[in-house]
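> got a structure for you, letters missing:
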DNA sequence: TTTAGAGGT
């Protein structure tokens, strides 16, 4: 297996064993980062209304051949909601925004929390002349033939999270007064029939795109998927990229594709430009502005021929004020030796000195800590100490808040403390920084750290460690105190420490394995991935590692071009190694596709489907029930058993989960993913016929079948294997690192001749997770088989 | 003996 090593041979060629990958022309460099925000809350009401208000008319001072008042009003709308809309900070900017986009292709809009940009901007734009659907002639690629196609008509608004996409769509459809009911599939809405809805959304497992949809909210990943089918985004007149400051891998890739569309040859869109609105919650936008501006650097390489968009598509910038109460920030005078002690002192000083409520409402406390362990420790101490308080001091109710908590427990943290004369204290991870808003908070305590995942390409492993937060993160945390009234923020670190913090967090693309990003590019026709425009290009070494890995998986050929296997892999919404396992499982040599899908569905459903049990009692309580799921082959076969038994359960699946302390949310999600993967396998010919519907009687996989399943997973994960050493440690086959089997694994504390693990994380130790027992011989075979 | 947070036709 050592033969599969990389050798640099000359400039642009990589050799792996006897194979050669061309890296022709893979070279570019680029510039820096950002912070974030949530949408306004929904309200109630129905009835029709004119969009063009009197206020609106006043702003019509611009040079305009077609007077604004002739613009067709929206289908309907709600007068009460209109009043609320008119009070939003962004409302007064609508003519300005329209004016800019009439002339320019790119607008960078910075609006702080509560400015209303996510809901209003698409409504300002959809009736613009440039936003109408047009029939144009385009040349078919390859052939000289022209075909007539529709271009434009819709506005897409991307969101990093599903919940944001769906709630914004509901809100905007209510404001517009049109229903959000259609179940029609994407973009198939034919003209002719009367419009049935103005607003739609598209997220995984949930699509509502009524006929006549003009405004479509979708997740970033969903638009990337659409790009696979429609590289010119012909359905759209404009793309609004919201929350770009969160800098997910998906939004970075999307930005690259949008940049290529706006700076490149527009022949694929029949010469019709695509308008792009980039929205960010932070004022630190120089990098984004530079990235999207055409004049900037080398725009030359992208389009090989055809007319080039030039001066007319420069980036316009607009800043909208937000709605935020002032927050008084204080730092500690000296570095604190013990964070937990300082946290307790701060909380109890606040609690005893500050009023329980005022004219703005509740005065609750939100503390940011790094993780579950720290939160639970602090909770114990606070509750203990609270018990000793005098009776004239208000009571305390502590709510932990972290991602692994059940939905119900998370929900509790959002409710006001029920008992009278009681203050709510929420101890949260950075889940409360962006993903959720806790109402009632007026005091924030910030420990100044958070756990950060970092991928190390050289080791092929990731780490999860507590690191100092960035300035923008600190500002964001403080801002959580000023949502409902003037607030206070107590930072448990000095001002000098604050000054040393990084301005922004490194974007995800620099902290994660770029394997998926590279495959995404390759599948969308990017030959030279190093020349693909990215705001923060990953290190060349990480890209090379990913290319080699993709080559090993069979997704790329010797020239670095995507293979038929690679094209099939991207059809499945799982990471490349899992996609490779799915393809292998469909192969006649293995024929265990349904089993592989069951396992992959469990693994990709979220965090572990088995809830972690802290106490010895809890463990004993469910041990018997869980035992029937355990397989000595390891975690993968255990997941398979869990899924098979869960799917076989006919009575009450939630109760079945509760009895085994399993995550019901994730099991439901796993079943969704299983259904989706089965459907895709069927559609793409990996399955001959639809599997029988649930519930099916449970039958445990016999050992020979289990062996097939594990060999099949080795096709995707041969790199993640380790051998047992005489001293009982495991050493990885590639790289020779010592790994320990994670305590959550069923193989923890056991000795097997070799293990395969799907995850490799450094926390307290170098841990192997999702572990299975394999034979050394299978590992060798997997390497020899070229995977 | 252990666990930041998002996300996909």
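Sure thing, it's come through. Please read all numbers here as calculations on a predicted model, not as lab measurements.
> now the residue in the stretch 651-787 of chain A that DNA strand B sits nearest to: how far from residue A:371?
At 2.9 Å from DNA strand B, residue A:763 is the closest residue in the stretch 651-787 of chain A, using CB to the nearest atom of the strand. Heads up, the C-betas are built off the backbone N, CA and C, glycines and all. Using CB to CB, to the nearest Å, residue A:763 is found at 10 Å from residue A:371.
> These two: who's more crowded?
residue A:371 (17 against 14; other CB atoms under 10 Å).
> ok so residue A:200 is a helix residue?
No: checked against DSSP: H, G, I helix; E, B strand; the rest coil, residue A:200 lies outside a helix; its state is strand.
> Surely it and residue A:210 touch.
Yes: between residue A:200 and residue A:210 there is a contact at 5.6 Å, judged by CB atoms under 8 Å.
> Comparing those two, which residue is more hemmed in?
Neighbour totals were compared for residue A:200 and residue A:210, and residue A:200 leads with 29 against 20 (other CB under 10 Å).
> Can you name the residues that contact the more buried one?
A:169, A:180, A:182, A:207, A:208, A:209, A:210, A:213, A:215, A:216, A:217 (CB atoms under 8 Å, 6 or more residues apart in numbering).
> which residues does it form a beta bridge with?
residue A:216 (DSSP bridges).
> From residue A:169, how far out is it?
For residue A:200 relative to residue A:169 (CB to CB), the value is 7 Å.
> Now do the shared contacts for those two.
A:180, A:208, A:216, A:217.
> For DNA strand B, state which of the residues you listed is nearest.
When those are compared against DNA strand B (criterion: CB to the nearest atom of the strand), the nearest one is residue A:217, at 11.4 Å.
> wait, that closest one sits on residue A:165?
Yes: look at residue A:217 against residue A:165 with CB under 8 Å: they come within range, at 4.4 Å.
> ok, whichever residue of the stretch 401-550 of chain A sits closest to DNA strand B - how many residues close by?
Going by CB to the nearest atom of the strand, DNA strand B is nearest to residue A:403 of the stretch 401-550 of chain A, at 2.5 Å. By other CB under 10 Å, 14 other residues sit near residue A:403.
> repeat for residue A:707
Using other CB under 10 Å: residue A:707 sits among 17 other residues.
> tell me the secondary structure for it?
helix.
> For it, which residues are in contact?
Contacts for residue A:707 (CB under 8 Å, 6+ apart) come out as none.
> just to revisit the earlier point, farthest-separated two in the contacts of residue A:200?
The span of these, defined through CB to CB, is set by A:207 and A:215 at 14.6 Å.
> more neighbours, those two?
Shown here are residue A:207 and residue A:215; by other CB under 10 Å, residue A:215 has more neighbours (28 against 17).
> roughly how far apart are that one and DNA strand B?
Distance of residue A:215 to DNA strand B, given as CB to the nearest atom of the strand, to the nearest Å: 18 Å.
> residue contacts, that residue?
Going by CB under 8 Å, 6+ apart, the list of residues near residue A:215 reads A:122, A:123, A:126, A:154, A:155, A:157, A:172, A:176, A:198, A:199, A:200.
> Return the subset of those lying in strands.
If you go by DSSP state E, the contacts of residue A:215 have A:154, A:155, A:157, A:199, A:200 in strands.
> Can you tell me the SS state at the residue nearest to the third one when sequence neighbours are not counted?
Among residues not flanking residue A:157 along the chain, residue A:240 sits closest, at 4.3 Å (CB to CB, 6 or more residues apart in numbering). State at residue A:240, reduced to three classes by three-state DSSP: strand.
> quick one: low-confidence ranges for chain A?
Applying pLDDT under 70 to chain A flags residues A:1-76, A:141-143, A:182-195, A:283-284, A:295-313, A:614, A:785-787.
> got the contact list for the residue nearest the centre of it?
Centroid-nearest residue in chain A: residue A:160, 5.5 Å away (criterion: CA atoms, centre = their mean). By CB under 8 Å, 6+ apart, residue A:160 lies in contact with A:219, A:220, A:243, A:246, A:248, A:250, A:251.
> And the strands in the stretch 101-250 of chain A?
Along the stretch 101-250 of chain A, counting by DSSP state E, counting those that start in this stretch, strands occupy A:106-111, A:134-139, A:146-151, A:154-159, A:199-203, A:206-208, A:215-219, A:236-241.
> So which other helices or strands are in contact with the last one?
Translated: strand A:236-241. helix A:117-125, strand A:154-159, helix A:249-263, strand A:275-280 (3 or more CB pairs under 8 Å, 6 or more residues apart in numbering; DSSP states H and E).
> who touches that strand?
A:101, A:121-122, A:125, A:128, A:130-133, A:152-158, A:220, A:223, A:233, A:251, A:254-255, A:258, A:272, A:274-279.
> What is the longest helix of chain A by residue count?
Assignment by DSSP state H gives helix A:664-683 as the longest helix of chain A.
> With that, I have no additional questions.
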